[in-house]
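got a sequence here, can you build the structure:
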Amino acid sequence: MIITKTLHIFSTNKEADTYNSLKFNNVKNPVHTFISEDKIHRKKKIIEIDKENPQKELSKFDLITLEMFDKYCKAPQILELKEGCKVMLLKNHNFAKGLINGSCGIVRKIEENAVLVKFDNGIEESITKNTFEYYREGELVSSRDQYPLRLAYGITIHKSQGMTLDELVVDCNRIFECGQAYVALSRIKTIDGLYLRSFNPNKVVVNEEVINFYDSLKNKI
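Numbering: from 1, shown residues only. Next up, the predicted model:
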């Protein structure tokens, strides 16, 4: 059984991107593209990244910083949305309304400076741009202003970290790292909302260092 309306978690970017594109293309409304505003934070200077020429004024170290930030930042540099597409919140927005990191909904309207989303809990909320920050050794080194949204058809295990979900499809086909299965499976609130595809027990691999650590604790008891 394939659950088509539920968020799918994949182990690779390629799988997630392919699934998102497939579902997004089925929404027959105009595409709205939002390019993030990225900055490099030096000790005495803040550099706004030129969207037309991202490498302008940047040192090799700056470029490495941007590459790492882009890898770990949940907010995409280029965000494409359509009215009617399914999206997910990437930050806690309003605890009282139940709008937290991982909350999903449908884009109802794209306004000039906000995106109106009707979330699965029935709440309609205008979402504005947020700032995402990247720190190295406790120091702010780069930031990104972008809507805290992404398509909610498919996502990678890595990008799902920190999320809490009511319903989830986990594709285990290409799990390749220790702990990936745990991260994916632990996103769900209850087992009733969990669906597995291509499950292989051999893919559930534990880091040897973790095993040794717990063995050492047992020996001390």
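
where are the low-confidence patches of the chain?
1-4, 176-177, 203, 207, 221 (pLDDT under 70).

tell me where the chain has helices.
Assigned by DSSP state H, the chain shows helices spanning 13-25, 60-72, 180-185, 208-220.

for Glu83, find the nearest of those.
Taking Cβ to Cβ, helix 13-25 is the member of the helices of the chain nearest to Glu83, at 12.2 Å. C-betas here are computed from N, CA, C, even on glycine.

for the closest one, packing partners?
strand 8-10, strand 149-151, strand 154-156 (3 or more Cβ pairs under 8 Å, 6 or more residues apart in numbering; DSSP states H and E).

other SSEs contacting the last one?
For strand 154-156, the elements it packs on are strand 8-10, helix 13-25, judged by 3+ Cβ pairs under 8 Å, 6+ apart.

okay, these, which one's buried deepest?
strand 8-10 (a mean of 25; mean count of other Cβ atoms under 10 Å).

packing partners of it?
Packed next to strand 8-10, using 3+ Cβ pairs under 8 Å, 6+ apart, are helix 13-25, strand 154-156, strand 168-171.

would TSV of the helices and strands packed on strand 154-156 with distance to Asn53 be doable?
Formatted as TSV, those follow (distance: least, Cβ to Cβ, whole Å):
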stretch	distance to Asn53
strand 8-10	33
helix 13-25	25
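
closest one to Asn200 among the ones you listed?
Nearest to Asn200, of the helices and strands packed on strand 154-156 and by Cβ to Cβ, is strand 8-10 at 14.7 Å.
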